[in-house]
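K.L.:
only geometry, no sequence info:
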């Protein structure tokens with residue numbers, strides 16, 4: 001009797017599910033045999049008196065396992081030396097993933113195989129487990145395969161996103177970072193992407209979370225206070241005081257208490273007030289991270305706030321405060337101007353109570369002036385006439401967009417980051433004003449406007465924002481746009497193509513999908529991924545055609561400046577997709 005895999009009782013099969021695969025004598029003589037049954041390339045092995053069947057494609061890169069080596073129950077792929085336990089397919093090397101196995105039976109001298117892989121769990125459960133392994137081991141291929149598998153199992157967006165958030169907040173002592181920000185940004189833009197690119201977006205976010213956490217110590221939580229009747233005002237002061245003196249533990253205990261006892265808007269006010277007590281923390285990243293954490297809760301529910309928000313404390317308590325930088329002190333003491341203004345800000349807000357402010361013509365142009373006093377005065381007058389934090393944040397965000405759209409390529413390449421930081425910060429403040437009407441957010445508006453002022457030299461000379469050609473062919477514009485992203489130095493070309501497309505009546509949604517396609521095929525860095533998401537965010541908040549054109553031109557120019565890349569991540573994703581679909585990769 002030749003040993004072979006026997007199905008458990010609950011998986012018992014009928015004879016009709018098995019198909020004849022090979023002669024037992026031939027398999028014994030050759031030791032291995034490649035067969036194709038029902039479209040599956042299956043590798044049969046006769047080893048140590050038993051018959052085994054595995055997927056012929058190595059789960060790592062698809063190399064034919066029939067060309068591998070079997071020794072002492074271990075199948076080794078010669079391509080990258082991945083090793084598998086032959087009878088169950090489990091890998092010794094996590095980078096390779098497990099190889100699917102198939103049930104076999106020997107009948108009357110012939111080998112029969114059931115060409116449906118054995119799974120220990122339903123697909124969603126299986127791919128969820130693999131996703132966790134991919135995050136823990138920082139394995140891009142496993143992450144890509146897991147996202148694809150979960151999508152096919154009907155659990156694309158919410159499940160992998162939630163798992164990524166839980167992992168990123170648990171396993172990074174430094175707290176919220178670029179990886180979680182990218183993951184949140186990709187989740188935000190999913191509706192604007194084509195179906196295939198939604199998989200790529202989640203894969204992008206998850207691989208950045210895994211990379212951020214690789215080699216880092218985990219986060220250990222501080223408990224909340226036992227007291228439950230402190231009140232919002234006192235918790236707010238406690239939190240701000242602990243952040244002020246950079247006491248991470250005290251700030252975390254206070255924040256956890258607020259999360260457990262206060263409504264969501266009050267918790268947002270506490271976090272955003274601390275994030276604006278000092279000027280433009282960490283070049284805007286600290287506030288942007290805070291905003292992204294709250295946007296994450298929009299997706300997973302505020303019941304996860306105790307998991308998500310405490311991860312912000314490390315950044316708040318360690319951030320560089322821009323009033324400590326010479327650029328905010330010399331040659332004009334901008335920090336001092338702002339501190340004086342903030343001292344009177346509650347009075348200005350009181351003056352505007354009951355009034356309705358409408359943005360006057362040329363207001364954004366004033367925010368782009370070379371005189372910081374004129375910028376601050378314009379904002380103060382707006383507050384005194386009833387301008388809301390949201391109205392002013394929208395204006396400042398658009399001024400920041402203009403800086404990106406008019407960025408001069410005569411500057412150093414790294415200067416793109418400077419205008420980018422201002423833009424993403426201003427966008428975050430704008431989004432936060434839609435979450436809470438806390439008066440402290442006016443400080444975020446003023447800080448953003450000051451950063452716009454500091455970026456003025458990067459528009460010297462300003463790039464022109466093209467009006468666009470109304471006779472252009474929209475479809476041709478989109479095709480040419482993707483081609484332009486394939487070439488270095490086509491910054492102005494991409495801006496013109498976007499303007500032409502819009503002027504000719506092209507559909508904005510199709511343009512967004514194309515920009516998403518261009519972004520996700522590249523090894524886009526943190527800032528480039530942020531730029532697209534912030535642009536799409538601002539696009540959704542205005543109906544003004546000129547402003548929408550400026551936003552999209554800005555996004556395209558920034559992306560073009562950073563393209564093309566090596567596209568290593570896309571290569572991994574394509575391999576994972578082809579393996580999942582059963583395509584041949586290395587077989588002749």
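P.N.:
Received the coordinates, thanks. Owing to the predicted nature of the structure, the values given are computational and were not obtained by experimental measurement.

K.L.:
who touches the residue nearest to residue 220 when sequence neighbours are not counted in this structure?
P.N.:
Leaving aside its sequence neighbours, residue 220 sits nearest to residue 173 (CB to CB, 6 or more residues apart in numbering; 7.6 Å). From N, CA and C alone the C-beta is placed, and that goes for glycine too. Counting by CB atoms under 8 Å, 6 or more residues apart in numbering, residue 173 makes contact with 216, 217, 218, 219, 220, 314.

K.L.:
Redo these as TSV? Include distance to residue 35, neighbour count and secondary structure.
P.N.:
Shown next, in TSV, are the contacts of residue 173 (distance: CB to CB, whole Å; neighbours: other CB atoms under 10 Å; DSSP: H, G, I helix; E, B strand; the rest coil):
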residue	distance to residue 35	neighbour count	secondary structure
216	46	12	coil
217	49	10	coil
218	47	10	coil
219	50	19	coil
220	53	7	coil
314	56	19	helix
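
K.L.:
And the closest residue to residue 487 other than its chain neighbours, how far from residue 200?
P.N.:
Nearest non-adjacent residue to residue 487, counting by CB to CB, 6+ apart: residue 564, 7.3 Å away. Distance, residue 564 to residue 200, by CB to CB, to the nearest Å: 16 Å.

K.L.:
Please tell me how far residue 204 sits from residue 164.
P.N.:
Look at residue 204 and residue 164: by CB to CB, they are 11 Å apart.

K.L.:
same check, this time on residue 383
P.N.:
To residue 164, residue 383 is 40 Å away according to CB to CB.

K.L.:
more crowded one of the two?
P.N.:
residue 164 (29 against 26; other CB atoms under 10 Å).

K.L.:
Might one say that the more buried one is in contact with residue 205?
P.N.:
Yes - counting by CB atoms under 8 Å, residue 164 does reach residue 205; the two are 6.3 Å apart.

K.L.:
per-domain residue ranges of this structure.
P.N.:
Taking automatic domain parsing as the criterion, the chain consists of the domains 9-113, 123-213.

K.L.:
Now tabulate the ones you listed in a markdown table and tack on distance to residue 230.
P.N.:
Listed next are the domains of the chain as a markdown table, based on distance: least, CB to CB, whole Å:
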| stretch | distance to residue 230 |
| --- | --- |
| domain 9-113 | 46 |
| domain 123-213 | 24 |
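
K.L.:
Which residue of residue 564 and residue 200 possesses the greater neighbour count?
P.N.:
residue 200 (25 against 15).

K.L.:
does the more buried one belong to a helix or a strand, and which?
P.N.:
Taking DSSP states H and E as the criterion, residue 200 maps to helix 195-213.

K.L.:
other SSEs contacting that helix?
P.N.:
If you count contacts as 3 or more CB pairs under 8 Å, 6 or more residues apart in numbering; DSSP states H and E, helix 195-213 packs onto helix 123-137, helix 140-152, helix 158-170, helix 178-189, helix 508-520, helix 568-580.

K.L.:
could the ones you listed go into TSV alongside mean pLDDT and distance to residue 257?
P.N.:
Converted to TSV, the helices and strands packed on helix 195-213 look like this (pLDDT from 0 to 100; distance: least, CB to CB, whole Å):
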stretch	mean pLDDT	distance to residue 257
helix 123-137	93	30
helix 140-152	94	36
helix 158-170	96	18
helix 178-189	98	23
helix 508-520	98	40
helix 568-580	93	41
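
K.L.:
Tell me which of those lies nearest to residue 81.
P.N.:
Nearest of the helices and strands packed on helix 195-213 to residue 81, taken as CB to CB: helix 140-152 at 15.2 Å.

K.L.:
Which secondary structure state does residue 51 sit in?
P.N.:
strand (DSSP: H, G, I helix; E, B strand; the rest coil).

K.L.:
so is residue 221 in a helix, a strand, or just coil?
P.N.:
When classified by three-state DSSP, residue 221 comes out as coil.

K.L.:
List the buried residues of stretch 551-567.
P.N.:
Residues of stretch 551-567 classed as buried by neighbour count (16 or more other CB atoms under 10 Å): 551-563.
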